[in-house]
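[1] here is my input; please provide its structure:
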Amino acid sequence: MLIFSWKAYLKWKKSGESCFPVFAILSFMYWLYYAVPLFLEERVISTIYEPVGHDLSENSITKALLMSLVGVCSLWLGMNSGLTRSIVPKPSKIPFTLTRANVRYVRAVLITGSLLSLSDISIFLFGEGGRQLISIILSVVPLLAFALLFRQVMQGEADLLDRLLVAGFVATRFVTGLSSGWLGVFASIVLICGAIYIIERRRLPRAAIVAVILFTLFFQLGKEDFRRTYWQEQEAGQASKIEKVGFWIQASLEKWGETISESSGQSFRGALMPSVTRVSLLNQTANVIELTPAVVPYQNGQLYSYLLITLIPRFVWPAKPSVNDSNRYYQVAYGLTAEEHLGNVSIAVGLLAEAFINFGWAGVVAIMFLVGVFFEFYQRAFLGKSSGALMTGIGVILLPQFLSVESQMAQYLGGILQQVVVGFLVMLPIFRIGVLRKSFKLATPLSRSHRIAKPKIVEP
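    The predicted model follows:
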C-alpha cells in the first residue's frame with residue numbers, strides 16, 4: 001500500500017491531470033491505519049465481557065491486512081473506471097472570480113462566521129429541525145471563506161488585511177478547538193492549509209505534516225486530565241477558553257516531563273500508545289473477521305440505511321434516524337459498549353470492516369469500488385485542473401472528512417450534499433448571474449422577430 005501511495009504521488013506530479021493527488025493520500029491513510037499498528041500495537045481487543053481483553057489470532061490479523069490491500073485496490077479500480085466522466089459538470093464555466101469587491105465579501109463571510117462560532121449560539125436555536133443547518137453554517141461557511149483567502153495568500157495576491165484575517169482565524173480555531181476538548185478542530189485547519197499548499201506548489205508540505213504529528217503527540221498526553229476536569233467534573237462554565245487552553249498545555253507539559261525523565265522507556269511507549277490506537281483499525285477489523293458471521297450475522301446493507309434518508313432535511317423530518325446509528329449497532333453487536341453507555345462514547349470501525357459486516361468479502365470489493373467511483377467524481381469536479389476557485393475551495397474543506405477513514409459510511413458521506421449546497425448559496429452574491437445563465441444554457445430562445453435574417457445573395 002505504501003508503494004501504491006508513493007507511485008500514485010509521483011504519477012500525479014508528472015501528469016498534471018488533477019490539482020490534488022486524492023488516491024495517493026487516501027491509500028496512505030489506509031497504510032497508516034492498518035500497516036503501522038502491525039508493528040506498534042498489541043494484538044489485543046477489549047470488550048464489555050472481557051475488560052482485560054483477549055488475544056487476536058494471527059489468522060485474523062493476516063486477513064485484516066489482506067482486507068485493507070483488497071480495499072485499496074478496489075478503490076483504485078473505482079477511481080480509474082471512468083464512470084463519472086460524462087456526468088461531471090464543467091466547474092471552469094462557473095463564473096467565480098475574486099475581484100477586489102468579491103474579496104471584501106469573502107472577508108465579511110469569514111469575520112461573521114468566526115464571530116458566530118466564537119459565540120455561545122446553540123445549534124438548537126431553530127429547534128431540532130434546524131440543528132443540521134446551524135451546524136453546517138458554523139463549521140463550513142467560515143472554513144470555505146478561510147480556504148479562499150488562504151489560497152490568495154499562497155498565490156501572492158493577498159494584502160496585509162487578508163494575511164491578518166487568515167492568521168487570526170487559525171489562532172481562533174486553535175483556541176476554540178482546544179477549549180472544547182477536541183484536537184481535530186485545529187488539525188483540520190492544518191490539513192486544509194497543507195492541501196492548498198499541495199495544490200499551489202505541487203509538492204508535500206513537510207512542515208505541515210510534522211506540525212500535525214507533533215501537535216497530536218504533545219496534546220494527547222494531557223487530554224485525559226482536561227476531559228476529566230472540564231467534562232466529567234462539570235467545570236466547563238467556570239473557566240474561560242484561554243484558561244482551558246492553558247490548563248491543557250500545562251497538563252501536557254507535566255506529563256511529557258514525567259515521561260522523558262523515566263529511564264526505562266516504558267512511559268514513552270505508554271505515551272505513544274493512545275496516539276497509535278487513535279489511528280488504528282487493525283485490531284477492530286480482525287475482531288470483526290473473527291465474529292462475522294460466526295457470532296454476528298451479515299447485515300445485508302442495513303447499516304447503509306441512513307444514506308437513503310440523509311438527503312431529507314431535518315426540518316422536514318426532525319425525528320429522522322441519527323447518523324451514528326450504524327456506529328451504535330457495531331458497538332453493541334461486537335461487545336465494545338453496553339447499550340446504556342452509548343451516549344458517552346462513539347466507536348467506528350471504518351468503511352472496510354463495515355462493508356464486510358454487511359456483505360462479507362464481496363462487499364469489501366463492491367463497496368470500495370463504488371467509493372472509488374465517488375472519489376473519481378469528487379476529484380474531477382472539485383479538485384480538477386480547471387475546477388476554479390470556488391469548487392476547489394469546497395473540495396479542500398471536505399478533505400479532512402474524507403481522510404477520516406475510521407468513519408463508517410453514514411458519517412463518511414452523510415451531509416456532503418448539504419455542505420456543498422450551503423457553500424454555493426453563501427457565495428452566490430459573487431456569481432455573475434448573466435454569465436452563469438449562459439454557461440448552463442438557461443437563456444430562452446430568441447423570438448422570431450428578434451432572429452437575424454439571412455442575407456440574400458444577389459447574382460450579378
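[2] which stretches of the protein have low pLDDT?
    Applying pLDDT under 70 to the chain picks out residues 89-97, 120-131, 232-237, 263-276, 311, 313-315, 318, 431-460.
[3] contacting residues around the closest residue to Leu2 other than its chain neighbours?
    Excluding the flanking residues, the one nearest Leu2 by C-beta to C-beta, 6 or more residues apart in numbering is Trp31, at 5.0 Å. No exception for glycine: its C-beta is placed from N, CA and C like everyone else's. Applying C-beta atoms under 8 Å, 6 or more residues apart in numbering to Trp31 gives the contacts 1-2, 5, 68.
[4] Trp31: what secondary structure?
    Secondary structure, DSSP: H, G, I helix; E, B strand; the rest coil: Trp31 is helix.
[5] quick revisit: most surrounded residue in the contacts of Trp31?
    Ranked by neighbour count (other C-beta atoms under 10 Å), these have Ser68 at the top, with 25 neighbours.
[6] quick one: what helix or strand has that one in it?
    Secondary structure from DSSP states H and E places Ser68 in helix 58-79.
[7] am I right that Val422 is in contact with Val141?
    Yes - in this structure, Val422 is within contact of Val141 by C-beta atoms under 8 Å, at 6.8 Å.
[8] for this protein, just list every one of the strands.
    44-45, 54-55 (DSSP state E).
[9] now, of these, which is deepest in the fold?
    Neighbour counts (mean count of other C-beta atoms under 10 Å) averaged over each of these peak at strand 44-45, with a mean of 17.
[10] quick one: contacts of that one?
    53-56, 283-284, 286-287.
[11] neighbouring strands for that strand, and are they parallel or not?
    Strand 44-45 sits in its sheet next to strand 54-55 (antiparallel), going by DSSP bridges.
[12] identify the residues contacting the strand it pairs with?
    43-45, 47.
[13] what is the nearest of these to Phe359?
    Nearest to Phe359, judged by C-beta to C-beta, of these is Ile45 at 22.6 Å.
[14] skip the chain neighbours and tell me the closest residue to that closest one.
    Using C-beta to C-beta, 6+ apart, the nearest residue to Ile45 is Asn287, at 4.6 Å.
[15] could you report the neighbour count for that neighbour?
    Using other C-beta under 10 Å, Asn287 has 23 other residues around it.
[16] you'd agree it is up against Ser60?
    Yes - using C-beta under 8 Å, Asn287 is in contact with Ser60, at 7.3 Å.
[17] count of residues packed around Ser81?
    With other C-beta under 10 Å as criterion, Ser81 counts 14.
[18] I'd like the strands of the chain laid out as JSON lines, including distance to Ala353.
    Formatted as JSON lines, the strands of the chain follow (distance: least, C-beta to C-beta, whole Å):
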{"stretch": "strand 44-45", "distance to Ala353": "13"}
{"stretch": "strand 54-55", "distance to Ala353": "18"}
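[19] among the ones you listed, which comes closest to Leu164?
    Nearest to Leu164, of those and by C-beta to C-beta, is strand 44-45 at 49.1 Å.
[20] what's the offset of the closest one from the middle of its chain?
    27 Å (C-alpha atoms, centre = their mean, to the nearest Å).
[21] now stretch 210-229
    20 Å.
[22] from Asn287, how far out is the closest residue to Val332 other than its chain neighbours?
    Closest residue to Val332 apart from its sequence neighbours, by C-beta to C-beta, 6+ apart: Glu339 at 5.4 Å. To Asn287, Glu339 is 19 Å away according to C-beta to C-beta, to the nearest Å.
[23] equivalent analysis for Val106, please.
    Going from Val106 to Asn287 by C-beta to C-beta gives 47 Å.
[24] now Arg173
    35 Å.
[25] for Leu282, which non-adjacent residue is spatially closest?
    In this structure, Leu282 finds its nearest non-sequential neighbour in Pro37, 4.3 Å apart by C-beta to C-beta, 6+ apart.
[26] I'd say the one you found and Ala286 touch.
    No - at 10.2 Å, Pro37 does not count as touching Ala286 under the criterion of C-beta under 8 Å.
[27] got the contact list for Phe374?
    If you count contacts by C-beta under 8 Å, 6+ apart, Phe374 has them with 78, 413.
[28] on that earlier part again, dump the contacts of Trp31 to a markdown table, plus distance to Lys11.
    A markdown table is the format used below for the contacts of Trp31 (distance: C-beta to C-beta, whole Å):
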| residue | distance to Lys11 |
| --- | --- |
| Met1 | 16 |
| Leu2 | 15 |
| Ser5 | 11 |
| Ser68 | 21 |
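[29] tell me which entries of those lie within helices.
    2, 5, 68 (DSSP state H).
[30] dump the residue contacts of the first one.
    Pointing back at Leu2 there. Applying C-beta under 8 Å, 6+ apart to Leu2 gives the contacts 28, 31, 35.
[31] what's next to the helix holding Ser68, contact-wise?
    Against helix 58-79 from outside (C-beta under 8 Å, 6+ apart): 1, 4, 22-23, 26-27, 30-31, 33-35, 38, 43, 282, 285-287, 289-290, 351-353, 355-356, 361, 364-366, 368-376, 379.
[32] separation between Gly194 and Met154?
    Counting by C-beta to C-beta - Gly194 and Met154 are separated by 11 Å.
[33] looking only at neighbour counts, state which of these two leads.
    Counting neighbours by other C-beta under 10 Å for Gly194 and for Met154 shows that Gly194 has the greater number, 21 against 15.
[34] contact partners for the more buried one?
    205, 208-209, 212.
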